[in-house]
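Undergrad: For reference, the sequence and a predicted model appear below.
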Amino acid sequence: PVVSAGGFTWNLGFNYTYNNNLVSDVYPGLDRINIPLSNGAGSDVYAAKGLNYPALYTTDIARVQNTDPTGAYYDASGQFVGRPVVNPTTGYPILNTTLQYQGTTQPKHRFGWTNTFAYKGVSLNTTIEYRGGAVIYNSIGNALEFTGAGIRTTYNDRQNFIFPNSVLATTNADGSNSFVNNSSVTTRDGNLEFWTNSGYHNAGSSYVTSADFWKLREVSISYD
């Protein structure tokens, strides 16, 4: 109880759970194993060695990286790391078909908070909940944008635009890469083609968001 005076009482309750599971190993020779859906079809979640379970993997747009010198779009300077690479002809982000880790779909943090306000025989009860530390793949976002109903399809008035924060890549004679900020190459289309057949639309990462939320789970009034 926080307050108890003159027939009025206010009671608080809290609970907290932290879950930081880790997959220590999987089948010999594999670094991850797909967890199929209930109908047996493949899914986007895996049991991945060294990562939290379940681990979400999706395709991504091509990005500059500095971890694999033999891989695509390697930048030894690290100046452009993480920046999306666009096709110099279409202006569309290039699709990276290699699955990339996006995070865990299991919340690490769960917090509950209950309040009970009572005056004589009347009481008001509320339950507030928080879950955090997870991500979610929103497949409906892909469908909404495919049909033009998604809000993001209107951001540039469905006109051609320069893909935000993008770079242009060139391969030098010695095999190294050079990158420059993209300030001139616009998307070939900002309407139907971009939202149905570009690397951005086809990349699963474009529809991965934080799954964190606060929720007013329950409100009840009672009289005794």
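TA: Yep, that arrived.
Undergrad: what lines up beside the lowest-mean-pLDDT helix or strand in the chain in the sheet?
TA: Ranked by mean pLDDT, DSSP states H and E, the weakest helix or strand in the chain is strand 3-5, scoring a mean of 87. Within its sheet, strand 3-5 is paired with strand 8-18 (antiparallel), according to DSSP bridges.
Undergrad: can you list contacts of the strand it pairs with?
TA: 1-4, 108-119 (Cβ atoms under 8 Å, 6 or more residues apart in numbering). (C-beta placed from N, C-alpha, C; glycine too.)
Undergrad: just those residues now: which is nearest residue 125?
TA: residue 116 (5.1 Å; Cβ to Cβ).
Undergrad: Which members of the contacts of strand 8-18 are the farthest-apart pair?
TA: By the measure Cβ to Cβ, 108 and 119 form the most distant pair in these, at 38.5 Å.
Undergrad: More neighbours: which of these two?
TA: Shown here are residue 108 and residue 119; by other Cβ atoms under 10 Å, residue 108 has more neighbours (15 against 12).
Undergrad: do you know how far the more buried one is from residue 45?
TA: 16 Å (Cβ to Cβ, to the nearest Å).
Undergrad: Residue 33 and residue 199: what is the separation?
TA: Distance of residue 33 to residue 199, given as Cβ to Cβ: 28 Å.
Undergrad: out of the two, which sits in the more crowded spot?
TA: The residue with more neighbours, out of residue 33 and residue 199, is residue 199; 24 against 13, by other Cβ under 10 Å.
Undergrad: Identify the residues contacting the more buried one.
TA: Taking Cβ under 8 Å, 6+ apart, we find residue 199 in contact with 61, 62, 87, 92, 93, 94, 95.
Undergrad: Among those, name the ones in strands.
TA: Those of the contacts of residue 199 mapping onto strands are 61, 95, per DSSP state E.
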